[in-house]
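Student: I would like the atomic coordinates for the input below:
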Amino acid sequence: MSGADGFGGTQARAGTGRHALAATPSGPLPPAPAELLRRPRRQGSLRFTVLVAALLFAGAVAMAVVLLASNAPQALVVGVVLASLPVGPVVAAYLWLDRYEPEPIPLLVTAFAWGAVVATAAALVLQVLDQTIFGTSASLTAATVAPVTEELAKGLFIVLLLWLRRSDIDGVLDGIVYAGMVGVGFAFTENILYLGGAYAGGDHGPGGLGAATDLFVVRGIFSPFAHPLFTSLTGIGIGVAVVTRSRFWRVAAPLLGYAGAVLAHASWNASSFIGGGSMFVVTYVVAMVPAFLLFVGFAVWARTSEGRMLTRSLTDCADRGFLAQAEVPWLVRLRARRACRRVARELGGRRAERVMREYQQQAVELGFLHDRYLRGTAPEDFVRRGSAMVLRLQALRPYVRFPRHAGSASGSPRSDAPEWEGGR
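Tutor: A predicted model of the protein is given here:
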């Protein structure tokens, strides 16, 4: 890497960080400068923010009109309350998967909002156009058109992330998490429509709270993971495309993931109409439950693999002088991370805890990037990104102290560390 592009022109700053660490007293941690806690803007984030904000606004207006026109106020309230109940547990499950490299909360909220208003509005418009132009029946639309349009609208969010904020998706697990959050948002709005309609009655049946509760049992208790599960297949495909070295799979994996999402979604919807709905229970027991358990097993395996990968990657980073070797267990193990933040809070209050959290997050992101370099799948801008990460770690390090002297001055990053080129 050239000095102009990376670490070569900043050796003086690296030396300064080392002396600041050595001079740090053993008592309370010195307060970190406020500007150090401001995370740098990600490449493409402005375009992504503007585009997604415009689509969210349009989708929110459209869905507000649909929801108000579809149900009476009381039915709408019942629908919102019942639809909200499964959201917390499902979101918590995806956040549990995302603990090694937590994605930005605002971005996860945006993914949920995309599913709740943009994907639902887009899919609804496309389905109405299909029924108006081609006269497709409601049952055929549910079994064929709905899966294609809904999975396309949901998966578009992850495609936009990959296009405009590629650094936010490091692998398969990130794809699963973002796709899952979009799916949860979509299911939330869809459940409001169905549950509100069940309460209102009319063409939906006798109506009332009993009818809405019966439908909630099916949608909110027995199948709350349906939409997140379908869309997660698209997320897996996009995650594979990010980490693979094969040009073929970079294109084929997302397409196969989307096809799998559509097929699973279509099979699930079609089971409600086959044999007057009698196939629904059979499909649920024979296909949905095993598929869900298989997906859970895969997701847990992917989460465990992330921990092992981070250990290997950060150990290699430490061997090359980018951080202290003794810090690696404190940066990888989840309990150790919490212990570090607790110690930081005791030594320097909330600001010190935030600095420790920033240091942990930056080190983990460096570990993911370095792993891609080691496997030969590093992005084109990995030198620029890696150099910025190392510099940020060095800037944060004087204000960080690990338990049991794990990050003592003798174990601090070396001022003569080599230029960061993924470890070359």
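Student: so where is the stretch 251-400 of the chain shaky, pLDDT-wise?
Tutor: 275-278 (pLDDT under 70).
Student: Tell me where it has helices.
Tutor: Under the criterion DSSP state H, counting those that start in this stretch, the stretch 251-400 of the chain carries helices at the ranges 279-283, 289-319, 328-332, 334-374, 382-396.
Student: pLDDT weak spots in the stretch 101-250 of the chain?
Tutor: Residue ranges of the stretch 101-250 of the chain with pLDDT under 70: 202-205.
Student: Could you pull out the helices in it for me?
Tutor: With helices called from DSSP H, counting those that start in this stretch, the stretch 101-250 of the chain shows them at 105-113, 120-134, 138-140, 146-164, 172-200, 209-216, 226-243, 247-270.
Student: Kindly present the ones you listed as JSON lines, with separate columns for distance to E353.
Tutor: For the C-beta atoms, the positions are set from N, CA and C on the backbone; glycine is no exception. Formatted as JSON lines, the helices of the stretch 101-250 of the chain follow (distance: least, CB to CB, whole Å):
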{"stretch": "helix 105-113", "distance to E353": "16"}
{"stretch": "helix 120-134", "distance to E353": "38"}
{"stretch": "helix 138-140", "distance to E353": "54"}
{"stretch": "helix 146-164", "distance to E353": "29"}
{"stretch": "helix 172-200", "distance to E353": "24"}
{"stretch": "helix 209-216", "distance to E353": "40"}
{"stretch": "helix 226-243", "distance to E353": "31"}
{"stretch": "helix 247-270", "distance to E353": "38"}
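Student: Mind checking those for the one nearest to T377?
Tutor: helix 226-243 (5.4 Å; CB to CB).
Student: Could you list every helix and strand in contact with that closest one?
Tutor: Secondary-structure packing of helix 226-243 (3 or more CB pairs under 8 Å, 6 or more residues apart in numbering; DSSP states H and E): helix 146-164, helix 172-200, helix 247-270, helix 289-319.
Student: Just the C-alphas of it, formatted as PDB.
Tutor: What follows is helix 226-243, C-alpha atoms only, in PDB (Å, rounded to 0.1, in the frame of the first residue of the first chain):
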ATOM      1  CA  ALA A 226     -43.200 -17.100   8.000                       C
ATOM      2  CA  HIS A 227     -42.400 -13.900   6.200                       C
ATOM      3  CA  PRO A 228     -39.000 -13.400   7.900                       C
ATOM      4  CA  LEU A 229     -38.100 -17.000   7.000                       C
ATOM      5  CA  PHE A 230     -39.000 -16.600   3.300                       C
ATOM      6  CA  THR A 231     -37.100 -13.300   2.900                       C
ATOM      7  CA  SER A 232     -34.100 -14.700   4.800                       C
ATOM      8  CA  LEU A 233     -33.500 -17.100   1.900                       C
ATOM      9  CA  THR A 234     -32.900 -14.000  -0.300                       C
ATOM     10  CA  GLY A 235     -30.700 -12.600   2.400                       C
ATOM     11  CA  ILE A 236     -28.700 -15.900   2.400                       C
ATOM     12  CA  GLY A 237     -28.200 -15.700  -1.300                       C
ATOM     13  CA  ILE A 238     -27.000 -12.100  -1.100                       C
ATOM     14  CA  GLY A 239     -24.700 -12.900   1.800                       C
ATOM     15  CA  VAL A 240     -23.100 -15.800  -0.200                       C
ATOM     16  CA  ALA A 241     -22.600 -13.400  -3.100                       C
ATOM     17  CA  VAL A 242     -20.600 -11.000  -0.800                       C
ATOM     18  CA  VAL A 243     -18.200 -13.700   0.500                       C
END
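Student: how many neighbours does E35 have?
Tutor: Burial measure for E35: 7 neighbouring residues, criterion other CB atoms under 10 Å.
Student: what's the answer for L152, then?
Tutor: L152 has 18 nearby residues by other CB under 10 Å.
Student: quick one, what contacts it?
Tutor: Residues near L152 by CB atoms under 8 Å, 6 or more residues apart in numbering: 123, 258.
Student: distance of it from A270?
Tutor: Distance of L152 to A270, computed by CB to CB, to the nearest Å: 18 Å.
Student: Are we agreed that R41 is in a helix?
Tutor: No. Applying DSSP: H, G, I helix; E, B strand; the rest coil, one finds R41 to be coil, outside a helix.
Student: 35 is where my numbering starts, stick with that
Tutor: All right, first residue 35 from here; so that's R75.
Student: List the contacts of it.
Tutor: For R75, the contact set (CB under 8 Å, 6+ apart) is empty.
Student: can you tell me how far it sits from S201?
Tutor: R75 sits at a distance of 11 Å from S201 (criterion: CB to CB).
Student: try A412
Tutor: 12 Å.
Student: Nearest residue to A177 in space, please, no chain neighbours.
Tutor: Closest residue in space to A177, ignoring its immediate chain neighbours: A304 at 4.1 Å, by CB to CB, 6 or more residues apart in numbering.
Student: nope, A373 is what I meant
Tutor: Leaving aside its chain neighbours, A373 sits nearest to P437 (5.8 Å; criterion: CB to CB, 6+ apart).
Student: and the one you found, what is it in contact with?
Tutor: Applying CB under 8 Å, 6+ apart, the residues contacting P437 are 364, 373-374, 377.
Student: go on, Y128?
Tutor: Y128 sits next to 210-211, 214-215, 218, 262 when contact means CB under 8 Å, 6+ apart.
Student: From the residues you listed, pick the one nearest F191.
Tutor: M215 (8.9 Å).
Student: what sits against that closest one?
Tutor: Neighbours of M215 in contact, by CB under 8 Å, 6+ apart: 125, 128, 142, 145-146, 149, 262.
Student: Return the distance of stretch 133-140 from the chain's centre.
Tutor: In this view, stretch 133-140 has its centroid 7 Å away from the chain centroid, taken as CA atoms, centre = their mean, to the nearest Å.
Student: for stretch 95-115, that is, sorry about that
Tutor: Taking CA atoms, centre = their mean, one finds the center of stretch 95-115 at 28 Å from the center of the full chain.
Student: cool, stretch 346-356 as well?
Tutor: With CA atoms, centre = their mean, you get 26 Å for stretch 346-356.
Student: what comes up buried for that stretch?
Tutor: Residues 347-352, 354-356 are the ones in stretch 346-356 that count as buried (16 or more other CB atoms under 10 Å).
Student: Just name the closest of those to F402, please.
Tutor: Distances from F402 to the buried residues of stretch 346-356, taken by CB to CB, are shortest for S347, at 7.2 Å.
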